[in-house]
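Got a sequence here, can you model it:
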Amino acid sequence: MFYWVLTHARIGKHRGGMFVEARGIKEGKPVERSWHLIAEGDDGPYIPSMTIEAILRKQLDSKQPASGARPATNALELTDYEALFENRRIFTGQRSSEYKNNPVHEQILEARFSDLPPQMQAIHRIGPGHSWHGRSQIIRSKNILGRIIAAMMRFPPQADDVAVTVKMEPHKGGERWTRTFGNKTFSSFQTPGTGRNEGLLVERFGLVSVAMSLEIKGSAMYLVPQRWNILGLPLPKLLIPGGDSFEYEKDGTFHFDVTIKAPMFGLIVSYKGWLTPTLGRA
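So this is what the prediction gives:
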């Protein structure tokens, strides 16, 4: 009976997580730091059993545990687990109030921001006159409802190869991203999440805001929608737009690949391409 319930009555996303938070004083100033773990799918329940594997691997590496009764505090370190996390959809990260004045993506990723390839770091280091340009392919929805949603969000029309310019600038504690595909322009406003959305990137397109987690996988960074709202009113998570959206560096050039789908309407828009800094600006 329990097996049937487990396999047939699944509701919502199978996501688990935890965080450890500490507050203190550093050089006379208050500091907040936290360590976070997110486990996607059904990988979270495997974490306790990883202890056995980690201990056995240390023994195979001739690192025997000390004899006698003692605290087990240092029997395993986080690094012993990280190697095992890589084989599953388990991600960890740290956050610190020391990053609060940095660009939005660096505030969210903090120390992990330095793990990004150079061009990905460069495009997210927002400053006055920050502008990039390149080429893009755009695919729009073929059904009428998808087209209506794309029009409401002011997404660009379909094109096989079109010039694209992206201008980023600081704006009201966040960043204004203005994208121009050919002669069609649309913009969004990005801020670090607060409250329930702490640690997430919140991007507002007109009346709609989407809170996304930034997940680094290899040399790519994925933007994964977690919740959304319209004019601040929460919308059903079951209907949240999804699709693979990520950015990466290839041959020293920044690339983007964004797909936005709605559960009931299918594809809304997909656009991908590359960008390089606009000379004399970025």
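
Please, which helix or strand holds residue 162?
Here residue 162 sits within strand 159-171, counting by DSSP states H and E.

Please apply the same query to residue 4.
Applying DSSP H and E, one finds residue 4 within helix 2-8.

same check, this time on residue 256
In the assignment (DSSP H and E), residue 256 maps to strand 253-262.

Just want the most central residue of this structure.
In the chain, the C-alpha nearest the mean C-alpha coordinate belongs to residue 214, at 1.2 Å (Cα atoms, centre = their mean).

Mind listing the residues bridging to that residue?
Beta-bridge partners for residue 214, by DSSP bridges, are residue 223.

ok, it to residue 67 distance?
The gap separating residue 214 from residue 67 is 45 Å, by Cβ to Cβ, to the nearest Å. In short, each C-beta sits where N, CA and C put it, glycine included.

Equivalent analysis for residue 130, please.
59 Å.

Compare these two and say which is more crowded by neighbours.
Taking neighbours as other Cβ atoms under 10 Å, residue 130 and residue 67 compare with residue 130 leading, 22 against 6.

Please look at the more buried one and residue 168 and confirm they touch.
Yes - Residue 130 lies in contact with residue 168 (Cβ atoms under 8 Å); the separation is 4.6 Å.

Show me the chain divided up by domain.
2-99, 118-277 (automatic domain parsing).

Adding distance to residue 111 and mean pLDDT, write the ones you listed out as JSON lines.
Converted to JSON lines, the domains of the chain look like this (distance: least, Cβ to Cβ, whole Å; pLDDT from 0 to 100):
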{"stretch": "domain 2-99", "distance to residue 111": "6", "mean pLDDT": "84"}
{"stretch": "domain 118-277", "distance to residue 111": "11", "mean pLDDT": "90"}
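
Quick check: which of these has the most neighbours on average?
The highest mean neighbour count among these, using mean count of other Cβ atoms under 10 Å, belongs to domain 118-277: a mean of 16.

I'd assumed residue 194 was in contact with residue 174.
No - Residue 174 is not in contact with residue 194 according to Cβ under 8 Å; the separation is 11.2 Å.

is it true that residue 187 lies in a strand?
Yes - judged by DSSP: H, G, I helix; E, B strand; the rest coil, residue 187 forms part of a strand.

Disregarding residues adjacent in the polypeptide, which is nearest to it?
Excluding the flanking residues, the one nearest residue 187 by Cβ to Cβ, 6 or more residues apart in numbering is residue 178, at 4.3 Å.

Residue 174 too?
Leaving out its chain neighbours, the residue that sits closest to residue 174 by Cβ to Cβ, 6+ apart is residue 191, at 3.5 Å.

Equivalent analysis for residue 170, please.
residue 126 (6.0 Å).

check contacts around the one you found.
By Cβ atoms under 8 Å, 6 or more residues apart in numbering, the contact set of residue 126 is 103-104, 168-170, 175.

Would you format those residues as a markdown table with distance to residue 121 included?
Below are the contacts of residue 126 laid out as a markdown table (distance: Cβ to Cβ, whole Å):
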| residue | distance to residue 121 |
| --- | --- |
| 103 | 10 |
| 104 | 13 |
| 168 | 13 |
| 169 | 18 |
| 170 | 17 |
| 175 | 15 |
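
Closest one of these to residue 183?
Nearest to residue 183 out of those is residue 168 (Cβ to Cβ; 20.0 Å).

residues in contact with the closest one?
Here residue 168 is in contact with 123, 126, 130-132, 175-178 (criterion: Cβ under 8 Å, 6+ apart).

quick one: the strands in the protein?
Counting by DSSP state E, the segments of the chain that form strands are 16-26, 29-39, 90-96, 130-140, 159-171, 174-181, 184-192, 201-205, 208-217, 220-230, 233-234, 245-250, 253-262, 266-277.

Output the ones you listed in JSON lines; the columns should cover distance to residue 74.
Below are those laid out as JSON lines (distance: least, Cβ to Cβ, whole Å):
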{"stretch": "strand 16-26", "distance to residue 74": "16"}
{"stretch": "strand 29-39", "distance to residue 74": "17"}
{"stretch": "strand 90-96", "distance to residue 74": "19"}
{"stretch": "strand 130-140", "distance to residue 74": "45"}
{"stretch": "strand 159-171", "distance to residue 74": "44"}
{"stretch": "strand 174-181", "distance to residue 74": "41"}
{"stretch": "strand 184-192", "distance to residue 74": "34"}
{"stretch": "strand 201-205", "distance to residue 74": "35"}
{"stretch": "strand 208-217", "distance to residue 74": "28"}
{"stretch": "strand 220-230", "distance to residue 74": "33"}
{"stretch": "strand 233-234", "distance to residue 74": "43"}
{"stretch": "strand 245-250", "distance to residue 74": "37"}
{"stretch": "strand 253-262", "distance to residue 74": "42"}
{"stretch": "strand 266-277", "distance to residue 74": "46"}
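
Lovely, talk soon.
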